[in-house]
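Visitor: For reference, the sequence and a predicted model appear below.
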Amino acid sequence: MSGRHHCSADCDDHPFESGPNDTLYTCIDKDAIVVLNEAQQDTGKQIFKPWDQRFDDSLIVESDVDDQLLFHIPFTGSATLRSLLVRIFPDSSAPHSVSLYPNHSNLDFGALQDAKSTESFEFPLSFSGNQIFEFPVKTRLYQNLRNLNLFFSRNDGSDDPIQIAYIGLRGSFVPFKGNPIITIYESAPNPADHPQVNQEEVYRSIS
């Protein structure tokens, strides 16, 4: 399939192929996923789908009080991330950026003010059709992952809700030998927090 793979000068040199290869879907502790600022409870968990259901729009997540969504994604073992896949809609519900925070066990909207993302990516401002954007990451920054946090935002001043239809993670995985760490989250995010994200356009469009 055709697509684009834009790398900065120090991006890891690795091949990517469209498809279900190297998916971390079965390695995610889906019952323990926490999504802050979702309009309907537990809908954020449902967009982590098998590859063959990536275009199923019956399950999507929408933000509640503003244009931000924060995902805490725990793994059932030690994961290495190679790329992030996201499907959004080509309309005003599309987020503008996503920032990645590996191995933060208590990240919420307030803590984002002081936390530093390892990488931030921008979605194209204009696109059409059912596309999945693949963001190849600097793999050396995402090894031995116990969890991954994803912060989606539009930050255009409108505060209209954003929607996400699919999130996929690609990489490798080693199961835990002991018991995983359990984290308890506060249920209410602070909608006044709007941290700025770094500007870097690095994406790959998958049909």
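Guide: Received it, and whenever you're ready, just let me know what you need.

Visitor: Report how many residues lie close to the closest residue to A111 other than its chain neighbours.
Guide: In this structure, A111 finds its nearest non-sequential neighbour in H104, 7.6 Å apart by C-beta to C-beta, 6 or more residues apart in numbering. C-beta coordinates here come from the backbone N, C-alpha and C atoms, glycine included. Here the number of neighbours of H104 (other C-beta atoms under 10 Å) works out to 17.

Visitor: which residues touch H104?
Guide: H72, A111, A115, N147, N149 (C-beta atoms under 8 Å, 6 or more residues apart in numbering).

Visitor: same check, this time on V35
Guide: For V35, the contact set (C-beta under 8 Å, 6+ apart) comprises T43, G44, K45, V61, L69, L70, F71, H72.

Visitor: would you turn those residues into a markdown table with secondary structure and pLDDT?
Guide: A markdown table is the format used below for these (DSSP: H, G, I helix; E, B strand; the rest coil; pLDDT from 0 to 100):
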| residue | secondary structure | pLDDT |
| --- | --- | --- |
| T43 | coil | 97 |
| G44 | helix | 97 |
| K45 | helix | 96 |
| V61 | strand | 97 |
| L69 | strand | 97 |
| L70 | strand | 97 |
| F71 | strand | 98 |
| H72 | strand | 98 |
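
Visitor: and F173, how many residues sit next to it?
Guide: F173 has 19 nearby residues by other C-beta under 10 Å.

Visitor: L148 bridge partners, please.
Guide: With DSSP bridges as the criterion, L148 is bridged to I73, P102.

Visitor: Around it, count how many other residues there are.
Guide: For L148, the neighbour count with other C-beta under 10 Å is 24.
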